[in-house]
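Colleague: Here is the input, now give the coordinates:
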Amino acid sequence: MLRIIIGVSILICLTFIFSLACSSASEVVVEEKIVEIQKEVIKEAEGATSPGKLIIYSGRKESLVGPIIEQFEQASGIQVKVKYGSTGEMAATLMEEGESSPADVFFAQDPGGLGAIANEGMFIPLSSDVLGLVPTWAQSAEGLWVGISGRARTIVYNIDALDPSQMPSTLQGFTDPQWKGKIGWAPTNGSFQAMVTAMRVIWGQEQTEFWLRAIQDNEPIIYSKNTPQVAAVAEGEILVGLVNHYYLHRFLSEEGDAFGARNHHLEGGGPGSLVIVSGGGILSTAKNQENAEKFFKFMLSTVAQQYFAGQTYEYPLVEGVQTDRLLTPLEEINKPDIDMVQLADLAGTQAMLRDLGIIE
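Modeller: Residues are numbered from 1 along each chain as shown. This is a model prediction of the structure:
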């Protein structure tokens with residue numbers, strides 16, 4: 001297309017020059033007109049080859065995904081604009097904006113946010129070229145969203161006070177009075193709420209409520225998020241914390257093997273061994289759907305997956321990506337057999353947590 005535009009424009013330019021020469025016009029006029037036509041050629045060529053733009057609503061923090069989004073922008077030439085906030089906030093914003101939303105892509109921290117948008121009919125199906133890049137457990141059954149990286153729920157424990165052999169095999173074991181005042185949790189955290197949603201799916205409402213009340217009786221220490229939990233475990237303020245696996249690896253990368261905490265994956269599996277995916281989908285109102293597809297293909301490329309494995313210590317969802325030496329292989333985690341789509345009822349989980357006085 002660019003060659004055709006330039007070729008036609010040159011022909012027009014030469015024809016115009018010839019006509020001016022035949023009419024005995026001055027050289028100055030000819031030069032001015034040539035410059036004017038050249039500007040039009042450049043303008044048309046740029047319009048024909050412009051890679052366009054992409055607008056992303058991200059429920060993942062800029063500090064985590066900003067660098068890889070910038071790499072996509074540089075590699076593709078696509079102008080990317082990102083609006084950051086929590087997954088819940090971004091989902092609520094999308095539903096409020098409805099058909100007038102400028103967003104092309106929703107990039108969420110967990111399946112709950114993705115499910116909320118999918119249930120509203122706000123996603124379009126992704127192509128098989130995208131869906132075929134990840135395992136079926138890490139995507140929507142209807143192909144409406146796709147996982148980008150994996151995050152395992154784990155127990156972080158103090159290595160001076162505990163040995164893994166002293167750990168219960170499942171989360172139910174932490175209801176024992178021996179753990180009173182020794183447990184940390186972050187009930188407002190999205191991944192914690194995804195785990196509770198998995199409890200509701202696997203155990204049912206009654207057993208989940210029983211577990212939550214029992215943990216409350218054990219007087220857990222409440223944290224706003226996972227990072228301070230891991231730090232508190234290392235300092236001995238608590239003995240165990242209910243967190244995502246990668247927070248520990250960030251501490252280890254900065255402080256080395258002497259850091260006083262490690263992860264333990266529950267042998268008995270269940271909700272405490274849940275592997276959650278972060279991921280995204282293309283909005284039905286997207287004006288840049290082709291660029292959105294390019295975004296997901298890039299995020300599931302070896303380059304981007306290596307970023308998540310090496311920089312944020314998350315699990316890659318494609319093969320051939322090297323992970324941190326201390327990261328438990330995904331296939332060795334006794335993760336529950338649960339469809340990520342079943343984690344969509346975040347609202348029901350939050351209602352339960354409010355009813356029990358765990359969150360406001």
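Colleague: alpha carbons only for contacts and neighbour counts from here, please
Modeller: Noted.
Colleague: R153 - nearest residue in space that isn't next to it in sequence?
Modeller: Among residues not flanking R153 along the chain, N244 sits closest, at 4.5 Å (Cα to Cα, 6 or more residues apart in numbering).
Colleague: residues contacting that neighbour?
Modeller: With contact taken as Cα atoms under 8 Å, 6 or more residues apart in numbering, N244 is in contact with R151, A152, R153, T154, S191, N226.
Colleague: who's in contact with the third one?
Modeller: What it means is R153. By Cα under 8 Å, 6+ apart, the neighbours of R153 are M195, L242, V243, N244, H245, H265, G272, S273, L274, V275, I276.
Colleague: Ramachandran angles for it?
Modeller: Per-residue torsions, R153: phi -70, psi 140 (degrees, to the nearest 10).
Colleague: where's it relative to I358, distance?
Modeller: To I358, R153 is 20 Å away according to Cα to Cα, to the nearest Å.
Colleague: quick one: A232 from V243, how far?
Modeller: The value you get for A232 to V243, if Cα to Cα is used, is 12 Å.
Colleague: Of these two, which one has the most company?
Modeller: V243 (28 against 22; other Cα atoms under 10 Å).
Colleague: Could you look up the SS state of that one?
Modeller: Here V243 is recorded as strand under DSSP: H, G, I helix; E, B strand; the rest coil.
Colleague: tell me the contacts of it?
Modeller: V243 makes contact with R153, T154, I155, V156, W185, F192, N226, Q229, V230, according to Cα under 8 Å, 6+ apart.
Colleague: from memory R354 sits against G348, does it?
Modeller: No. The criterion here is Cα atoms under 8 Å, and R354 misses it with G348 at 9.9 Å.
Colleague: got any ranges where this structure has weak pLDDT?
Modeller: Counting by pLDDT under 70, the ranges of the chain that qualify are 1-49.
Colleague: What ranges does it have for its strands?
Modeller: Secondary structure of the chain, counting by DSSP state E: strands at 53-58, 79-84, 105-108, 123-124, 146-158, 183-185, 221-222, 240-244, 261-264, 275-283, 315-316.
Colleague: Having no further points to raise, I will conclude here.
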